[in-house]
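Undergrad: Predicted model, plus sequence, below.
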Amino acid sequence: MSLEEFRQHLRNKHVSAYFQALELDVSQAEVLFNLLDQDGSNLVSLDVFLAGCMRLKGQARSIDVNMLLHENRALSKKISKLVSVVREVVNLYHSGTGSRASTAS
């Protein structure tokens with residue numbers, strides 16, 4: 001389901017009751033959806049949705065912890081990409097200076 005479909009479902013009193021039974025705050029629905037959309041596709045399958053809701057069940061702070069985990073995963077991916085680019089630049093620099101040093105001898 002998309003984020004808009006998710007929001008529409010939240011307007012349903014049965015869905016709201018389900019969230020209350022799980023002790024989840026429906027006012028943070030977009031945050032919850034983004035937590036569940038781990039691949040960034042803006043879509044969440046029913047299985048992922050249900051599993052995510054069950055993981056978040058409990059204290060209100062649980063969603064905060066899961067938000068941090070989500071943000072850390074995204075940051076880790078960005079850092080890994082940056083490290084790869086830096087390695088490539090360093091390798092290009094070394095290969096360029098190495099070829100100059102061998103031609104100068």
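TA: Arrived safely.
Undergrad: Look up how far K81 lies from F33.
TA: Applying CB to CB, to the nearest Å, the value for F33 to K81 is 25 Å. Just so you know, the C-beta spots here come from the backbone N, C-alpha and C atoms, and that holds for glycine as well.
Undergrad: the more surrounded of these two?
TA: Per other CB atoms under 10 Å, whichever of F33 and K81 has more neighbours is F33, with 22 against 10.
Undergrad: N34 is in contact with G52, correct?
TA: No. In this structure, G52 is not within contact of N34 by CB atoms under 8 Å, at 10.6 Å.
Undergrad: Scan this structure for its longest helix.
TA: helix 61-104 (DSSP state H).
Undergrad: avg pLDDT for it?
TA: The average pLDDT for helix 61-104 rounds to 84.
Undergrad: Which strands and helices lie in contact with that helix?
TA: Secondary-structure packing of helix 61-104 (3 or more CB pairs under 8 Å, 6 or more residues apart in numbering; DSSP states H and E): helix 29-36, helix 46-56.
Undergrad: what's the spacing between it and its chain's center?
TA: Taking CA atoms, centre = their mean, to the nearest Å, one finds the center of helix 61-104 at 19 Å from the center of the full chain.
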